[in-house]
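**Q** Mind looking at a prediction? Sequence and model below.
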Amino acid sequence: MLWLGAATAPAAPATQPTAEAKLVKDLYGRRIAEAMASADVQDNIELAWELMTAAAESGNPPLVRHLLAVEAVRLTASLGTADGASVAEQALKMADQLGALDPVRKHRLALEIARQRYTTAHRAGAARKLIAPMVSAVVNAEISLAEALLDKHELAEAESVLSDARAMVNAYRLAEHKDRLDAATRQAKTVRERSLRIRRAEGSLARAREAGDEEGIKAAKKELAFIYLLTDGDIAEAGSWLAGSGHPDEAAVAAAAAHRKDPKAIPPADKCNDIVEKLCDLAQQAETGKAGRCIASAAAGICRDSLGTQAKGPAATKARLLLTRAERLAGESPADLFVGRLKMAYGGLAGKLEVLPGGCVRVSYDFSDDSQLGDWSVQEGPWKVAASMQALLAGPQRPGRAQIASRLHFRADKPLTLRYLVSGQQQLGGTICFLRHNDPAFRAYEVRFELGSYNNRGSSLRDGGRQVWNSPRVRVARGSTYRVEAAWDGQSTFTWTVNDQLLCRQETPHAAREPQYTSVYVGLEAGDYPAGFDDVVIEGVVIERPSQRLEPAGTSR
């Protein structure tokens, strides 16, 4: 079993436990040891829940809360049961939120949880169809661990983990992981090439020093500097190799390194903007996204501090323009920060998020990997990402209706649009679901639209369960793909378009227009197998927290 320990906490010395760690050990150490020694896994689960409950109490010190969650992970990570894995995953998420676990350690634990779950089921002789989702979870965890290892240039272990992941993908035919696995493999190749370049440059430097070749020494140092800068984004290391070289980028890199070390070390006003511009240029030349963001972030930091202390007049105007450029390159623009808040509030979002004018967002799904399925809540039916498409896969029985709903909530008093491609056999459609501001049960008022079967029914629009439009002549054809758009105008009207042809424009009779309905989410559904949805796009004014319930206009707070 993997052990996190007090050293994962930000302030905990490696050789001496903190007072908080001692407190947790004194209070729970004996009970944890007893649970770990017990043959009944329920003892571990019950104690883990107790620790997580205490960790959730905001009145407790942050480090104590973090350590309690860590102990809950320790208690459940290796249980291998469904309940144990569920508790372990929740505890791991809580521990990371409370104390920012090292990424490698976090993903090692996630892999431990997934592997134990798979191993337990496999040993119990579970059917292959039941084991397949567990294998998928193992592969996901392995790829995440490999990515974290590669970020730290731990190539050998990362390649070993990726090799195991690829073997499982091939054995269980998990094609949905191929794109992400290939991307991680390319990342490993980049890390391998970086290591070779560093060894070559270090060899050239050693030979040049031995020969007393000053130009050779400068060239080797420059090569090392730009490997560290443009591949790793390590500004301090790059600055140490460029120092005294007289290279045109030396001053900018040195200024960035100095400012990172001491935020008060701002370049002189007459040179500051030129340095920031040079750093932005270097960020665009970076060989990896990580390096580009690091360099641009350094440029943005210099710009902000200059604007706050010394930039005046035209220089300040230029600095503000450069700040916009640097923030965009660093992923620190207001739009980037807003997207970051959304991802945190919704527990991570895998779709492509774009911030549009007027407070709207566009979230897009190409289903190139199965992580995008996590943005949706499966309500009925065996949904799975396959062949780069979110698809309903064949099962032993046909469902009356298979449904899936987006986890994102939007304002009901603003326009909302849902677009997608769909193919299948019958009842291919979706829902726009309205929620009251004060309904704790989250019961939805639905506008449902569906393309009818090729053999027994037409298409229809239902408003709150009541059919308000139908056409027996509009039917799906087997093997055809349809481009669908469903739109709500934020006031009273719903519009449904298929293959650029307007099917209907309908005034909702009453419920969706009531002020009490303040938020809305969308869903997709099908009435038979096989069916698939792709290129799904949702546009609207998003609600920043999924639990937030907007009060109707004019309601007193």
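**A** Yep, that arrived. Please read these numbers as outputs of a predicted model, since none were measured by experiment.

**Q** Show me what the host helix or strand of residue 179 is packed against.
**A** According to DSSP states H and E, residue 179 maps onto helix 178-211. Judged by 3 or more Cβ pairs under 8 Å, 6 or more residues apart in numbering; DSSP states H and E, the packing partners of helix 178-211 are helix 128-151, helix 155-172, helix 214-227. Bear in mind the C-beta positions are built from the backbone N, C-alpha and C, glycine included.

**Q** Which other helices and strands does the following helix or strand past the shortest one contact?
**A** For helix 214-227, the succeeding helix or strand toward the C-terminus, using DSSP H and E, is helix 235-242. On a contact count with 3+ Cβ pairs under 8 Å, 6+ apart, helix 235-242 meets helix 214-227, helix 250-261, helix 289-309.

**Q** gap between helix 235-242 and the chain center?
**A** 32 Å (Cα atoms, centre = their mean, to the nearest Å).

**Q** again with stretch 104-120
**A** 19 Å.

**Q** Ok, stretch 103-119 next?
**A** Distance of stretch 103-119 from the chain centroid (Cα atoms, centre = their mean) equals 18 Å.

**Q** got the CA coordinates for stretch 234-245 in CSV?
**A** The C-alpha trace of stretch 234-245 is given here as CSV (Å, rounded to 0.1, in the frame of the first residue of the first chain):
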residue,chain,number,x,y,z
ASP,A,234,13.4,26.7,-16.6
ILE,A,235,14.2,30.4,-16.6
ALA,A,236,16.7,30.3,-13.7
GLU,A,237,18.7,27.4,-15.2
ALA,A,238,18.7,29.0,-18.6
GLY,A,239,19.9,32.3,-17.1
SER,A,240,22.8,30.7,-15.4
TRP,A,241,24.0,29.2,-18.8
LEU,A,242,23.5,32.5,-20.7
ALA,A,243,25.3,34.7,-18.1
GLY,A,244,28.2,36.5,-19.6
SER,A,245,27.5,35.2,-23.1
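
**Q** buried set for that stretch?
**A** Under the neighbour-count criterion of 16 or more other Cβ atoms under 10 Å, stretch 234-245 has 234, 235, 237, 238, 239, 240, 241, 242 buried.

**Q** and which of those is nearest to residue 276?
**A** Residue 276 has its nearest neighbour among the buried residues of stretch 234-245 in residue 235, at 13.6 Å by Cβ to Cβ.

**Q** need the contact list for that closest one.
**A** Contact analysis of residue 235 by Cβ atoms under 8 Å, 6 or more residues apart in numbering lists 229, 253, 256, 257, 260, 294, 295, 298.

**Q** residues touching the closest residue to the third one other than its chain neighbours, list them.
**A** It stands for residue 256. Nearest non-adjacent residue to residue 256, counting by Cβ to Cβ, 6 or more residues apart in numbering: residue 298, 4.1 Å away. Applying Cβ under 8 Å, 6+ apart, one finds that residue 298 lies in contact with 235, 256, 259, 260, 279.

**Q** pretty sure residue 523 contacts residue 407?
**A** No - the pair residue 523 / residue 407 is not scored as a contact, 10.8 Å apart, by Cβ atoms under 8 Å.

**Q** who has more neighbours, these two?
**A** Set residue 523 next to residue 407 and count neighbours by other Cβ atoms under 10 Å: residue 523 wins out with 20 against 14.

**Q** Tell me which helix or strand that one sits in.
**A** strand 517-526.

**Q** helices and strands around that strand, which ones?
**A** strand 402-406, strand 410-411, strand 416-423, strand 428-436, strand 444-451, strand 531-540.

**Q** quick one on the thing from earlier: quick one: which two of the contacts of residue 298 are the most distant?
**A** 260 and 279 (11.5 Å).

**Q** circling back: closest to residue 166 out of the helices and strands packed on helix 235-242?
**A** That would be helix 289-309 among those, by Cβ to Cβ, at 23.5 Å.

**Q** Please give the centre-to-centre distance between the closest one and its chain.
**A** For helix 289-309, the distance to the chain centre is 24 Å (Cα atoms, centre = their mean).

**Q** helices or strands up against the helix or strand just after it?
**A** Using DSSP H and E, the helix or strand that follows helix 289-309 in sequence is helix 313-330. Applying 3+ Cβ pairs under 8 Å, 6+ apart, we find helix 313-330 packed against helix 269-285, helix 289-309, helix 334-345.

**Q** Could you single out the most deeply buried of those helices?
**A** helix 289-309 (a mean of 21; mean count of other Cβ atoms under 10 Å).

**Q** Return the alpha-carbon coordinates of it using PDB.
**A** The C-alpha trace of helix 289-309 is given here as PDB (Å, rounded to 0.1, in the frame of the first residue of the first chain):
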ATOM      1  CA  GLY A 289       3.400  24.300 -24.200                       C
ATOM      2  CA  LYS A 290       4.700  24.200 -20.700                       C
ATOM      3  CA  ALA A 291       7.800  26.100 -21.500                       C
ATOM      4  CA  GLY A 292       5.800  28.800 -23.500                       C
ATOM      5  CA  ARG A 293       3.400  29.300 -20.600                       C
ATOM      6  CA  CYS A 294       6.300  29.600 -18.000                       C
ATOM      7  CA  ILE A 295       8.100  32.200 -20.100                       C
ATOM      8  CA  ALA A 296       5.000  34.200 -20.800                       C
ATOM      9  CA  SER A 297       3.900  34.100 -17.200                       C
ATOM     10  CA  ALA A 298       7.300  35.600 -16.200                       C
ATOM     11  CA  ALA A 299       6.700  38.400 -18.800                       C
ATOM     12  CA  ALA A 300       3.200  39.000 -17.500                       C
ATOM     13  CA  GLY A 301       4.500  39.300 -13.900                       C
ATOM     14  CA  ILE A 302       7.100  41.900 -14.800                       C
ATOM     15  CA  CYS A 303       4.500  43.800 -16.800                       C
ATOM     16  CA  ARG A 304       2.000  43.900 -13.900                       C
ATOM     17  CA  ASP A 305       4.600  45.000 -11.400                       C
ATOM     18  CA  SER A 306       5.900  47.700 -13.700                       C
ATOM     19  CA  LEU A 307       2.400  49.000 -14.300                       C
ATOM     20  CA  GLY A 308       1.900  49.100 -10.500                       C
ATOM     21  CA  THR A 309       5.000  51.100  -9.800                       C
END
